[in-house]
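1. only geometry, no sequence info:
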Ligand SMILES: O=c1ccn([C@@H]2O[C@H](COP(=O)(O)O)[C@@H](O)[C@H]2O)c(=O)[nH]1
């Protein structure tokens, strides 16, 4: 894999609150990552202005708000995300088949003409900070891999473009959902970084080897003493792997 291909696979999780930080990261990392992820923290603090700031610097955006609500509410929220011109947006697969299929139908209706590309929709399976104990505590008696595959298949049935899962489950998802299904993996930890609150982790090189389309990486870059150097080291690890 070339350095350019490795860079395109990295989505930087811009987990910040200050609007001035958005410009800083968009400028600083524009040549070192392929996309920027805006999650609940940044969107709650700065709203659509954060999306526009990244776009102003030519960056692509994954709007990671993990919508989980009744079908009408989620489908309308995803249409608003699409109106912002983001490349990726996500919903919780636990919201169910009707929630996901209503959303995909609404998107297809709005973007049916095909003039503007619609964002790809991802479904969250089991959060990478969860393990079997977490699932048991909320009344789910299946193993993590079983739940991930079950939710991935449900998402595919609903017409969703792909899933968010740990790199540890990429092989099983590929087997169940095929090569055209997008797999985006947080829970990625390069050799130099701490796991933090992530429970199902893998290195960037192993995640790519397993077949992940994108790797979401936040703190190993954002909290590093030299973030550009950290991003370059991650690219090195992927290329060497
Ligand atoms: O299962 C999931 C889904 C989303 N995330 C998000 O990814 C980043 C990971 O950040 P790190 O600092 O690299 O741990 C973060 O924004 C999460 O909200 C996830 O970790 N796991």
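-> On my side now, so go ahead. Note that the structure is a prediction, hence the values are computed from the model and not measured.
2. Run through the strands of the protein in chain order.
-> Per DSSP state E, the chain carries strands over the ranges 10-13, 35-38, 61-67, 88-92, 120-124, 162-164, 182-185, 214-217.
3. How far off centre is the second one?
-> To tie it back to what came earlier, the one meant is strand 35-38. Mean C-alpha position of strand 35-38 versus that of the full chain (CA atoms, centre = their mean, to the nearest Å) differs by 8 Å.
4. For the nearest residue to residue 177 once chain neighbours are set aside, give its distance to residue 132.
-> Here the nearest residue to residue 177 in space, its sequence neighbours aside, is residue 156; by CB to CB, 6 or more residues apart in numbering that works out to 4.8 Å. Quick note: C-beta positions are derived from backbone N, CA and C, even for glycine. Using CB to CB, to the nearest Å, one gets 24 Å for the distance from residue 156 to residue 132.
5. Mean neighbour count, the strands of the chain: which tops it?
-> strand 162-164 (a mean of 27; mean count of other CB atoms under 10 Å).
6. now what about that one, what contacts it?
-> Applying CB atoms under 8 Å, 6 or more residues apart in numbering, the external contacts of strand 162-164 come out as 90, 93, 120-125, 148, 151-152, 155, 173, 177, 181-186, 213, 216.
7. Mind doing that once more with 10 Å?
-> 62, 64, 66, 88, 90-93, 120-128, 148-149, 151-156, 169-170, 173, 177, 180-187, 213-214, 216 (CB atoms under 10 Å, 6 or more residues apart in numbering).
8. coming back round to it: tabulate the strands of the chain in CSV, adding columns for mean pLDDT and distance to the ligand.
-> Output for the strands of the chain, formatted as CSV (pLDDT from 0 to 100; distance: least, CB to the nearest ligand atom, whole Å):
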stretch, mean pLDDT, distance to the ligand
strand 10-13, 98, 4
strand 35-38, 98, 6
strand 61-67, 98, 6
strand 88-92, 98, 8
strand 120-124, 98, 6
strand 162-164, 98, 5
strand 182-185, 98, 9
strand 214-217, 98, 4
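9. The ligand contacts on this protein?
-> In this structure, the chain approaches the ligand at residues 13, 15, 39, 124, 127-128, 164, 186-187, 196, 198, 216-219, judged by CB under 6 Å from any ligand atom.
10. List phi and psi for the residue nearest to residue 95 when sequence neighbours are not counted.
-> Closest residue in space to residue 95, ignoring its immediate chain neighbours: residue 68 at 4.7 Å, by CB to CB, 6+ apart. Backbone torsions of residue 68, given as degrees, to the nearest 10, read phi -150, psi 100.
11. Check the chain for the residue nearest the ligand and tell me.
-> Minimum separation of the chain from the ligand (CB to the nearest ligand atom) falls at residue 218, amounting to 2.8 Å.
12. in stretch 147-163, what's buried?
-> By neighbour count on 16 or more other CB atoms under 10 Å, the buried set for stretch 147-163 is 147-149, 151-156, 158, 160-163.
13. what two of these are the furthest from one another?
-> The distance between the two most remote of these (CB to CB) is 20.0 Å, for 147 and 161.
14. related to what we said a few turns ago, now do the residue of the chain closest to the ligand, the pLDDT please.
-> For residue 218, the model assigns a pLDDT of 98.
15. If you drop the residues flanking it in sequence, what lies closest to it?
-> Using CB to CB, 6+ apart and skipping the chain neighbours, the partner closest in space to residue 218 is residue 13 (3.1 Å).
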